[in-house]
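Asker: please find the sequence and the predicted model below.
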Amino acid sequence: MRRFAHTLGPSLLAAGLLVLAAAPGHAGSGELAKLCDEYWQGYLQVHPIAATAIGDRRYDDRLEDNSAAGIARETRRLEGLLTRARAVPVKELSSRDRLDRAALIEELDSQLKVRSCRFERWNVDPLNGPQVEFMDLPDFTVIKTPADAAHYVARCRAMRHYLANHITNLVSGLPPGEVASETAVAKVIEQLTEILSKKKKPEDWALMAPALESHDGWSATEAAGFRDTLWSVVEQEVKPALLRYQVFLRDTILPVARQPETAGLFAMPGGLASYRKLIHVHTSLDLQPKELHQLGLDEVARIRKAISELGGKALGTTDFAEIQKRLRKDDAMHFKTEDEVEAKAESTLARAKAAIPKWFGILPKADCTVKVMGMHEAPFSTIAYYRNPAADGSRPGYYMINTYKPKTRPRYEAEALAFHESIPGHHLQIAIAQELTGLPEFRKHQGVTAFVEGWGLYSERLADEMGLYSSDVDRLGMLSYDAWRACRLVVDTGLHALGWSRQQAIDYMMANTLLAENNIENEVDRYLVDPGQALAYKCGQLEILRLREEARKQLGPRFDIRAFHDAVLRNGAVALPVLRQQIADYCAAPEAAR
């Protein structure tokens, strides 16, 4: 799932079904409610693309202020809010207000921890960098009026200034040796080459898409003015800015970038301390790198055994290496065309939509649809991700799929992937959270990575319980994905804390998953640019499974899987310690989750 979407029409899902929300009308105690709203309104203003992504169009004409002054100003604001949030007396709060206070403190503390890692001084990102984020804007920007068009043009014009600040920030990291990994820099240079060398006409640019569409009620003059003005901005401001960024990366950053042998944070000044902060940010738990590394090793051993057992049933062999060989090398196990990849995603999502009423009481109004990634990002992106719906209902959730080089895309993983990213995974959790009532707005759109990604990984296994996998070969894909996330605990800690090289990480994942090699390489590079995020999946999944088993034991015949899922999802993406309390409350009064 995309990073900004974590912060970030009529439904086919909810028609005739139960749609619940949290404590209608509740907005928190006066002082705390104002504090929550002050934080959220400021967040949207400071992160205008995130605002646009959830359907708030007040800031559609701008980009984030990524100057040193802008970064310092927001840091001071967050520090002030955290001090005030901690000063709110707990004894005077209701149980729900206490949850709001805890969530606000967790969010503010996490943002400040991330800021202290100074990503802006060294991070060059082929997945979420400006060269991708800018080109994705048309996918969630709504333009209905000439005024909307003017805002979009202004935002595109701001890209030049944003990229100039980005370069300045990266320069500031050079003296202390804070630099990106060589592989990440090389990939972004390649992305920029693709953008700049092959795009000569307006229709070649993703940024131009809104101006090339028809707009009801517009005069010919208005439509032509939008198209011509936007193209002028792209030609005269955006393209030169992207070129300057490309040259800067090639001539200044690439020669001093962290080499593949020392690509992790451990090799950067203050990197290990930053990594420990990021572990807490993404897991909401105080865990040590070696502890997580061992947990990963144990999980990998368990899952390898399960793969061998299922391989005997599905492929006639229990030899792990032979199972890997057959799945990776057999052309029949891979797609042939882009259309096949898309069709499989569509059919899997449709099957999941039909099944969820038996397993969930709370269902979202927002629909989820399949959307193919653009070529500006596909060659360097993950195999898929989820993009949240607009909160105002103007856009559904998107299951974004990567159809680039379809013959490298395994068929046996396609179903587990769809269940994770769409239904019953990210779409259910995120769309439900956005539609909850009685919660502060920030809790509908933000939350702890371990909850969000833990739910996604939990959903892959849940889909098996729901009978959604088509065959034992597809179930091997589910186990491969479970091994993949277990490997992340080993590899992420290895890269950033234990001195692993990039190749060592690739080799480990090649030996212990069924993933395709191109996916593994992209994944390892993703861990290098987003340290700690990969740890969240297994931590969250294992916690949800543990809590479910505890609830089942405590409640016995009163246990209801629909009520348990509602108890997990009804308060948004909370920290794992808070989730433990939620489930304890559910076990004490299970009828309250119905």
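Answerer: Perfect, I can see it now. Numbers count the residues shown, from 1 in each chain.

Asker: can you list the weak-confidence ranges in the stretch 301-450 of the chain?
Answerer: For the stretch 301-450 of the chain, no stretch has pLDDT under 70.

Asker: name the element L545 belongs to?
Answerer: helix 536-555 (DSSP states H and E).

Asker: remind me what the next helix or strand after that helix packs against, helices and strands.
Answerer: Downstream of helix 536-555, the first helix or strand assigned by DSSP H and E is helix 561-569. Applying 3 or more Cβ pairs under 8 Å, 6 or more residues apart in numbering; DSSP states H and E, one finds that helix 561-569 contacts helix 426-435, helix 536-555, helix 576-588. C-beta coordinates here come from the backbone N, C-alpha and C atoms, glycine included.

Asker: pull out the buried positions in the longest one.
Answerer: Pointing back at helix 536-555 there. Using 16 or more other Cβ atoms under 10 Å as the test for burial, helix 536-555 gives A536, Y537, K538, C539, G540, Q541, L542, E543, I544, L547, R548, A551.

Asker: put together a markdown table for those residues, with pLDDT on each row.
Answerer: Below are those laid out as a markdown table (pLDDT from 0 to 100):
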| residue | pLDDT |
| --- | --- |
| A536 | 96 |
| Y537 | 97 |
| K538 | 98 |
| C539 | 98 |
| G540 | 98 |
| Q541 | 98 |
| L542 | 98 |
| E543 | 98 |
| I544 | 98 |
| L547 | 98 |
| R548 | 98 |
| A551 | 97 |
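
Asker: could you list the domains of the protein?
Answerer: 1-122+265-594, 126-172+182-257 (automatic domain parsing).

Asker: please identify the most buried of those.
Answerer: Greatest average neighbour count among the domains of the chain goes to domain 1-122+265-594 (a mean of 19), per mean count of other Cβ atoms under 10 Å.

Asker: strands of the chain, residue ranges please.
Answerer: Taking DSSP state E, the strands of the chain run over residues 368-372, 384-387, 397-401.

Asker: and the shortest one, what other elements does it pack with?
Answerer: Applying 3+ Cβ pairs under 8 Å, 6+ apart, one finds that strand 384-387 contacts helix 3-6, strand 397-401, helix 414-421, helix 426-435.

Asker: try it again at 6 Å.
Answerer: strand 397-401, helix 414-421 (3 or more Cβ pairs under 6 Å, 6 or more residues apart in numbering; DSSP states H and E).

Asker: contacts for the last one?
Answerer: So the one you mean is helix 414-421. Helix 414-421 is contacted from outside by 344-345, 348-349, 384, 386, 399, 425, 456, 459-460, 463, 469, 474, 477-478, 481, using Cβ atoms under 6 Å, 6 or more residues apart in numbering.

Asker: restricting to C-alpha, output it in PDB.
Answerer: Taking Å, rounded to 0.1, in the frame of the first residue of the first chain, the C-alpha atoms of helix 414-421 are listed here in PDB:
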ATOM      1  CA  ALA A 414      -2.100 -13.500  -7.800                       C
ATOM      2  CA  GLU A 415      -4.900 -14.500  -5.500                       C
ATOM      3  CA  ALA A 416      -3.000 -13.900  -2.200                       C
ATOM      4  CA  LEU A 417      -1.900 -10.500  -3.600                       C
ATOM      5  CA  ALA A 418      -5.500  -9.500  -4.400                       C
ATOM      6  CA  PHE A 419      -6.800 -10.600  -1.000                       C
ATOM      7  CA  HIS A 420      -4.100  -8.600   0.800                       C
ATOM      8  CA  GLU A 421      -4.400  -5.300  -1.200                       C
END
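
Asker: now the angle from it to helix 536-555?
Answerer: For helix 414-421 against helix 536-555, the angle by axes from the mean of the first three to the mean of the last three Cα atoms, to 10 degrees is 80 degrees.

Asker: between helix 414-421 and helix 426-435, how many degrees?
Answerer: Using the same axes, to 10 degrees: helix 414-421 against helix 426-435 is 10 degrees.

Asker: which ones are touching D60?
Answerer: Neighbour list for D60: T52, H151 [criterion: Cβ under 6 Å, 6+ apart].

Asker: quick check: it vs E550, distance?
Answerer: Distance, D60 to E550, using Cβ to Cβ, to the nearest Å: 46 Å.

Asker: low-confidence ranges in this protein?
Answerer: By pLDDT under 70, the low-scoring segments of the chain are 1-28, 592-594.
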